[in-house]
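Undergrad: sequence plus predicted model, see below.
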Amino acid sequence: MGLVIRNAVKEDCSKLLELIKELALYEKAPEQVTVSMEEFVDSGFGKNPVWWAFVGEFNGEIIGMSLFYIRYSTWKGRRLYLEDIIVTEKMRGKGIGKELLDHTISYAKENGFSGMMWQVLDWNTPAIDFYKKYDTNFDGGWINVNINF
């Protein structure tokens with residue numbers, strides 16, 4: 001059957017949250033995933049969705065995802081923000097991440113976004129090397145800032 005990239009549906013949420021937790025473990029921060037299933041589902045498939053996703057299925061099993069939302073730049077206009085691109089550990093190195101990223105890039109172009117942006121941890125050399133294969137710019141001039149409530 002092979003790889004299929006498709007839009008995520010509500011029924012995928014439990015598997016997507018599993019992938020998110022797998023990524024958090026890889027990034028040495030599993031305790032940081034505090035979103036409830038209810039919040040996650042409502043945020044993506046409720047009355048006012050704030051995120052969208054593509055899933056990668058291999059032989060009918062979800063093995064990866066690309067989750068994104070719209071960011072607005074007062075300088076550049078609408079931009080797609082790639083929150084996470086995740087491929088389960090057992091399926092990494094098989095081109096699935098590339099397929100998911102290419103699909104997301106195509107979606108952004110087709111929908112008139114002025115570009116895409118995302119973050120990568122400075123120690124995540126495999127991801128950095130992967131992103132360098134694209135015409136990407138690594139911006140070291142900005143500092144991430146957040147506030148938790």
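TA: Perfect, thanks for sending it. Worth saying up front: this structure is predicted, and the values here are computed from it rather than measured.

Undergrad: end-to-end on stretch 81-101?
TA: One end of stretch 81-101 sits 12 Å from the other (Cα to Cα, to the nearest Å).

Undergrad: average pLDDT for it?
TA: For stretch 81-101, mean pLDDT is 95.

Undergrad: for that stretch, list every residue counted as buried.
TA: For stretch 81-101, the neighbour count (16 or more other Cβ atoms under 10 Å) marks 81-82, 84-88, 91-92, 96-97, 99-101 as buried. In short, each C-beta sits where N, CA and C put it, glycine included.

Undergrad: which outside residues touch that stretch?
TA: Applying Cβ atoms under 8 Å, 6 or more residues apart in numbering, the contact partners of stretch 81-101 are 3, 5, 19-20, 22-23, 26, 51, 54, 56, 58, 63-71, 104, 116-118, 130, 134.

Undergrad: longest strand in the protein, please.
TA: strand 61-73 (DSSP state E).

Undergrad: can I get it in CSV, CA atoms only?
TA: Below are the C-alpha coordinates for strand 61-73, written out as CSV (Å, rounded to 0.1, in the frame of the first residue of the first chain):
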residue,chain,number,x,y,z
GLU,A,61,-1.0,3.2,10.2
ILE,A,62,-0.3,6.8,11.1
ILE,A,63,3.5,7.1,11.4
GLY,A,64,3.9,10.9,11.0
MET,A,65,2.3,14.3,11.0
SER,A,66,2.8,17.9,10.1
LEU,A,67,0.8,20.3,12.4
PHE,A,68,0.6,23.9,11.5
TYR,A,69,-1.4,27.1,12.0
ILE,A,70,-1.6,30.6,10.5
ARG,A,71,0.8,33.3,11.7
TYR,A,72,0.4,36.9,10.7
SER,A,73,3.5,39.1,10.1
